[in-house]
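Chemist: sequence unknown, structure follows:
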């Protein structure tokens, strides 16, 4: 008899960046990090797993293409099997021996894979959540984050919704390097994000390769680890709890800047941002200058992961004029207005009064390929049979 489960998990975008491992096998970070979980209604990974005694071997499909179930994927699957036997089968002799069955797993991302949108994070979080559901494991999100972390470090933060810290820990076995929720989605529901997709190509230097080069060669990284990140983690956590956007924005942008400075300090240097990325920085800086001069503080916060795509955090009431600002400099063929900001009307690019339009040049259509408007969201969701990616034969459904 086979068993089947389906789960989805969210993307998270870090405000305090994870960059560097102290243990590459267990994926233990050199510093703590903090992220915002984004709404799965817009960005998600969905995974279905089926366990069946008739399956001859483990098989995995990602976005319709079969991939080899080895490496970090195999590590996570093996750990979930071990916990199924330990927590369920050894304690309940009548429980079906699912840990002994081979698995068929299908996963689908509704956004570009490996393009700087944390696809591995949501993917491994969905995998672990799906297997926890399949195996009926009585584990907390923090406990599951220990396993997701071994697939992709930032995946541990996608086990929670809202605002999430990955505590670096100090134990050699990684038992205290896990995710904790700083505040739930409901604490600050007006936190929105505008993702500017500059490129959906695969990155030239992967995060895994890049961060290890940084650990080996960057003196600035060592200063960051020892003196900068601990203070920023405390300060941004306090800003989130106080719903202090001005402080949140200041810290988020400073940490993005330092992350890319550390990449530049690597030998040889790593360049993830491009001219479009830097132009967006200039626009956000000038937009905030106008707001600060008016006495209303910062109203936008840019952040960049290991890629050229910008994520702009802003409160709900300010996101419309930020979309207009970006569209003025980066024209769009269309904008998917999921929140009805423009009530069906075409988006017309414009700046706010007092904005110095000379801070950046205007680009052509396609420089920013698309804009994705989303908001803070919830953690992994258990889905029903109607959402399963595998058919009754254990093979991927046509989608």
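Modeler: Looks like it arrived, so ask away. Just so it is clear, the model here is predicted, and its values are computed rather than measured.

Chemist: hmm, who's touching the lowest-mean-pLDDT helix or strand in the chain?
Modeler: When the helices and strands of the chain are scored by mean pLDDT, DSSP states H and E, helix 207-217 comes last with a mean of 91. Helix 207-217 is contacted from outside by 19-21, 24, 30, 221, 262-263, 265-268, 270, 306, using C-beta atoms under 8 Å, 6 or more residues apart in numbering. Quick note: C-beta positions are derived from backbone N, CA and C, even for glycine.

Chemist: same thing with stretch 276-292?
Modeler: So stretch 276-292 is contacted by 196, 198, 249, 253, 297-302, 304, 308-310, 312, 322, 325-326, 329-330, 352-356, 359-361, 363, 367-368 (C-beta under 8 Å, 6+ apart).

Chemist: how about a cut-off of 6 Å?
Modeler: Residues outside stretch 276-292 that contact it (C-beta atoms under 6 Å, 6 or more residues apart in numbering) are 196, 198, 298-300, 302, 308, 310, 325, 352, 354-356, 359-360, 367.

Chemist: in that stretch, what's buried?
Modeler: Within stretch 276-292, the residues scored as buried using 16 or more other C-beta atoms under 10 Å are 276-277, 279-284, 286-288, 290-291.

Chemist: And stretch 390-399, by the same measure?
Modeler: Within stretch 390-399, the residues that count as buried by 16+ other C-beta under 10 Å are 390, 394, 396.

Chemist: Which members of the buried residues of stretch 276-292 occur in helices, if any?
Modeler: 276-277, 279-284, 286-288, 290-291 (DSSP state H).

Chemist: can you put the buried residues of stretch 390-399 in CSV and add distance to residue 207, pLDDT and secondary structure?
Modeler: Shown next, in CSV, are the buried residues of stretch 390-399 (distance: C-beta to C-beta, whole Å; pLDDT from 0 to 100; DSSP: H, G, I helix; E, B strand; the rest coil):
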residue, distance to residue 207, pLDDT, secondary structure
390, 29, 97, strand
394, 32, 95, coil
396, 27, 97, strand
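
Chemist: is it possible to export these to TSV including distance to residue 212?
Modeler: Output for the buried residues of stretch 390-399, formatted as TSV (distance: C-beta to C-beta, whole Å):
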residue	distance to residue 212
390	35
394	37
396	34
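
Chemist: Give me the pLDDT for residue 118.
Modeler: Residue 118 is assigned 59 on the pLDDT scale.

Chemist: mind listing the helices for the stretch 251-399 of the chain?
Modeler: In the stretch 251-399 of the chain, helices defined by DSSP state H, counting those that start in this stretch lie at 275-293, 319-329, listed in chain order.
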